[in-house]
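Q: with the input below, show me the fold.
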Amino acid sequence: MSFSVEALAKIAIDLQSDLGHADRFSRLITTLRQILGCDASALLRYEAHQFCAAGD
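A: A predicted model of the protein is given here:
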């Protein structure tokens, strides 16, 4: 999958779907890994002036 309007639409739909937090997180990471063509990925959040793993 390449980085395209379709890929962005899939991410937007998945984020708004009626899934649990863990399932939305998993779908987001899976889609980003497919788009970027990488073996590993992490989603971080910025909190209190530092980055933290989003799954914590």
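Q: can we go C-alpha only for contacts and neighbour counts from here?
A: OK.
Q: who are the neighbours in contact with the residue positioned nearest the centre of the chain?
A: With distances taken as Cα atoms, centre = their mean, the residue of the chain nearest its centroid is Leu28 (2.8 Å). Residues in contact with Leu28 (Cα atoms under 8 Å, 6 or more residues apart in numbering) are Ile11, Asp14, Leu15.
Q: can you pull the contacts of the second one?
A: If a contact means Cα under 8 Å, 6+ apart, then Asp14 has Arg24, Arg27, Leu28 as its contacts.
Q: count of residues packed around the first one?
A: Think Arg24. 18 (other Cα atoms under 10 Å).
Q: that one against Ile13, yeah?
A: No: applying Cα atoms under 8 Å, one finds Arg24 not in contact with Ile13, separated by 9.9 Å.
Q: quick check: mean pLDDT of stretch 38-55?
A: On average, the pLDDT along stretch 38-55 is 85.
Q: which residues sit against it?
A: Taking Cα under 8 Å, 6+ apart as the rule, stretch 38-55 contacts Ile29, Arg33.
Q: only C-alpha atoms, please: export it in CSV.
A: The C-alpha atoms that make up stretch 38-55 are tabulated as CSV, following Å, rounded to 0.1, in the frame of the first residue of the first chain:
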residue,chain,number,x,y,z
CYS,A,38,8.7,-1.2,7.8
ASP,A,39,9.1,-4.1,10.1
ALA,A,40,8.6,-2.2,13.4
SER,A,41,6.7,0.8,14.5
ALA,A,42,5.7,2.7,17.6
LEU,A,43,3.0,5.2,18.3
LEU,A,44,4.1,7.9,20.8
ARG,A,45,2.2,10.6,22.6
TYR,A,46,3.7,13.9,23.9
GLU,A,47,2.9,14.4,27.5
ALA,A,48,4.5,16.6,30.1
HIS,A,49,7.3,17.7,27.7
GLN,A,50,8.3,14.1,26.8
PHE,A,51,7.3,11.3,24.5
CYS,A,52,5.7,8.2,26.0
ALA,A,53,4.5,5.0,24.3
ALA,A,54,0.8,5.5,23.4
GLY,A,55,-0.1,2.0,24.6
